[in-house]
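*Asks:* what would the 3D arrangement of this be:
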Amino acid sequence: MLDRLKAKLFESPDPMPWRDVAMMIIAMVLPAVVAVSILGRTGSIAFVAAMPACLAAQDAGVRVSLLVTLVMGMAGLLSLGEPQMALLIAPFLGLMVGICGTFGLAKPSIRGLFTWPIFTSTIIDADNLPLIFLVFLLAMAWSQAVTWAFGKAASNPDEDAESNPYALVFGIALAIGLTLSVWVGQRYFGEHGFWFPLTFVILVLPPHGQLFSRTVKRTVGTIVGTAIAIGLAWVFDLTWLTVGLGAVALVLGFRMLPYNYTVFTALLTIAVLEVLALVSEVDQLALERVGTMGAAAGMTIALGLLGYLILRLVAPGAMDALLEEDVPLQGQRSKDSRASASRAG
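*Replies:* Numbering: from 1, shown residues only. This is a model prediction of the structure:
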């Protein structure tokens, strides 16, 4: 009973080691800080490249990371400042993930999409595409090199093989959801509408059997994190302190990422809101954050139910296998369901 309760609340027996936290900061945050300090807002493209490159490299190695990150980057450049192109590209990116999933590569390919929605926003200026692509390539290479140097390339558990035969069904659902979320984000959520497709991409991360539980955890974490961020903004009105709190929340979020998905989401929400509060009102940011989270959660559940019904019709018993829960015994995961303990999931 206790083991089953722990399995519901925690994704792995231990938090991320501090060495791995340092690797994530060096690989993903450091290039963004350097690029932004030199180029201003345009430098944020460094984080757009570094984050998926690092996470995908941990999942499937540097070569796969190079492929999926480059595809995302080129798709992003086509989408930058072109809302109609973003809507045309989104479904093909979803289908790409579904095809990759049939080869057991759904997770790294979705990692490549983590920051693609930012290209659909106005955060990055489209005035100098060659410079943007150069910074993107340099940040990607740096992130992958750091991941390799720390010995973390292809270090995450393999994906659950039960998901592979049905990955294309979820890829189609991803294509539909990503397109809808981009359109709704552009139309109804203003400058930060990219949060809608970004949240949706994170929610549909494999293993597919954890779709509904992960949606609930992320929703709860977002609400809690938003409330804390608003409270901190009301209490502290100093810019340097706001940035510092965001940085601390990000570090602690990485630490909690493999351990508790709800706490990680709350800390990540605090970090994002506190940093973006430098250029926008935190109350407005919080409202948009909760709004996009709720919309993405609703659409994810609806598409998940659609995928569930399709699999029930075409492959009876498939969802039973996907939804089987593995209960950890004495801090260990069963070898039949290694993917659920993924460090970056």
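
*Asks:* every contact and neighbour count from this point should use C-alpha atoms.
*Replies:* Will do.

*Asks:* number of nearby residues for the closest residue to Pro83 other than its chain neighbours?
*Replies:* Spatial nearest neighbour of Pro83, chain neighbours left out: Thr120 (6.6 Å); criterion: CA to CA, 6 or more residues apart in numbering. The number of residues packed around Thr120, counting by other CA atoms under 10 Å, is 30.

*Asks:* quick one, what contacts Thr120?
*Replies:* 76, 79-83, 86, 182, 186, 194 (CA atoms under 8 Å, 6 or more residues apart in numbering).

*Asks:* from those, which is closest to Leu138?
*Replies:* Gly76 (15.9 Å; CA to CA).

*Asks:* surely the closest one touches Phe114?
*Replies:* No. With contact defined as CA atoms under 8 Å, Gly76 does not reach Phe114; the gap is 11.4 Å.

*Asks:* Val201: neighbour count?
*Replies:* Val201, neighbours per other CA under 10 Å, totals 24.

*Asks:* so what secondary structure elements neighbour the helix or strand hosting it?
*Replies:* Using DSSP states H and E, Val201 falls within helix 195-203. Applying 3 or more CA pairs under 8 Å, 6 or more residues apart in numbering; DSSP states H and E, one finds that helix 195-203 contacts helix 167-188, helix 211-235, helix 282-314.

*Asks:* returning to what we had before: determine which two of the contacts of Thr120 are furthest apart.
*Replies:* Maximum distance among those (CA to CA): 15.3 Å, for Gly76 and Gln186.

*Asks:* neighbour count for the two, which is higher?
*Replies:* Legend: neighbour count by other CA under 10 Å for Gly76 and Gln186, higher for Gly76 (25 against 20).

*Asks:* quick one, what contacts Leu88?
*Replies:* Counting by CA under 8 Å, 6+ apart, Leu88 has contacts Thr179.

*Asks:* that one: which element?
*Replies:* Here Leu88 is assigned to helix 83-101, by DSSP H and E.

*Asks:* what does the following helix or strand past that helix contact?
*Replies:* Following helix 83-101 in sequence order, the next helix or strand is helix 106-113 (DSSP H and E). Residues outside helix 106-113 that contact it (CA under 8 Å, 6+ apart) are 52-53, 55-57, 59-60, 64-65, 68-69, 71-72, 93, 96-101, 159, 167, 201, 205-206.

*Asks:* what residues sit buried inside the next helix or strand after helix 106-113?
*Replies:* Next in sequence after helix 106-113, counting helices and strands by DSSP H and E, comes helix 129-149. By neighbour count, with 16 or more other CA atoms under 10 Å as the criterion, the buried positions of helix 129-149 are 132-133, 135-137, 139-148.

*Asks:* and helix 129-149, what other elements does it pack with?
*Replies:* Helix 129-149 packs on helix 30-39, helix 45-60, helix 62-79, going by 3+ CA pairs under 8 Å, 6+ apart.

*Asks:* in contact with the residue nearest to Val48 when sequence neighbours are not counted, which residues are there?
*Replies:* Distances taken as CA to CA, 6+ apart put Thr115 closest to Val48, at 5.3 Å, once the chain neighbours are dropped. Each residue near Thr115 by CA under 8 Å, 6+ apart is listed here: 48-49, 51-52, 198.

*Asks:* can you pick the most crowded of these?
*Replies:* Counting by other CA under 10 Å, top hit in these: Ala49 with 31 neighbours.

*Asks:* next, work out how far apart that residue and Leu80 are.
*Replies:* Applying CA to CA, to the nearest Å, the value for Ala49 to Leu80 is 14 Å.

*Asks:* quick one on the thing from earlier: now list the buried members of the contacts of Thr120.
*Replies:* Buried members of those, scored by 16+ other CA under 10 Å, are 76, 79-81, 83, 86, 182, 186, 194.

*Asks:* can you tell me which of the residues you listed is nearest Ala32?
*Replies:* Relative to Ala32, the closest of the buried ones among the contacts of Thr120 is Gly76; by CA to CA it sits at 17.4 Å.
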